[in-house]
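Undergrad: Quick one: sequence and predicted model below, then my questions.
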Amino acid sequence: MPYSLFDDPARWRERAEEARSIAEQLNEPESSRMLLRIAEDYERLAKHAERRAQKRAEGVEEDAPLAIGMAHL
């Protein structure tokens, strides 16, 4: 079971599908491309969530995420 909505691959895939659906309806090519890139990012988030779930199932502890901009410290 996912720890939160952020860890739910299905949630990210639903958002990706929504972005693709909206992109298909737009008449502005650049806006459509942007939404399709967002959909790809949501798919990547889904894959990351799946990997986190797999690690949890295997009992592997995860490293704490680094804050953006703080990785150099």
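TA: Noted; the coordinates are in hand. Just so it is clear, the structure is predicted and the values come from calculations on it, not from any experiment.

Undergrad: measure the residue nearest the centre of the chain to I22 for me?
TA: In the chain, the residue lying closest to the centroid (Cα atoms, centre = their mean) is L45, at 2.0 Å. For L45, the distance to I22 (Cβ to Cβ, to the nearest Å) stands at 18 Å. No exception for glycine: its C-beta is placed from N, CA and C like everyone else's.

Undergrad: same question, G59
TA: Between G59 and I22 the distance is 40 Å, computed by Cβ to Cβ.

Undergrad: Show me which positions of the host helix or strand of R15 end up buried.
TA: Taking DSSP states H and E as the definition, one finds R15 inside helix 9-25. Residues of helix 9-25 classed as buried by neighbour count (16 or more other Cβ atoms under 10 Å): 9, 11-13, 15-16, 19-20, 23.

Undergrad: Run through the residues that contact the residue nearest to the centre of the chain.
TA: Residues near L45 by Cβ atoms under 8 Å, 6 or more residues apart in numbering: W12.

Undergrad: And E40, by the same measure?
TA: Contacts for E40 were tallied using Cβ under 8 Å, 6+ apart; they are A16.

Undergrad: Report the separation between it and F6.
TA: Taking Cβ to Cβ as the measure, E40 falls 18 Å from F6.

Undergrad: Dump the buried residues of helix 9-25 into JSON lines; add distance to K55 and pLDDT as well.
TA: Below are the buried residues of helix 9-25 laid out as JSON lines (distance: Cβ to Cβ, whole Å; pLDDT from 0 to 100):
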{"residue": "P9", "distance to K55": "13", "pLDDT": "95"}
{"residue": "R11", "distance to K55": "18", "pLDDT": "94"}
{"residue": "W12", "distance to K55": "17", "pLDDT": "96"}
{"residue": "R13", "distance to K55": "19", "pLDDT": "97"}
{"residue": "R15", "distance to K55": "22", "pLDDT": "97"}
{"residue": "A16", "distance to K55": "22", "pLDDT": "98"}
{"residue": "A19", "distance to K55": "27", "pLDDT": "98"}
{"residue": "R20", "distance to K55": "28", "pLDDT": "98"}
{"residue": "A23", "distance to K55": "32", "pLDDT": "97"}
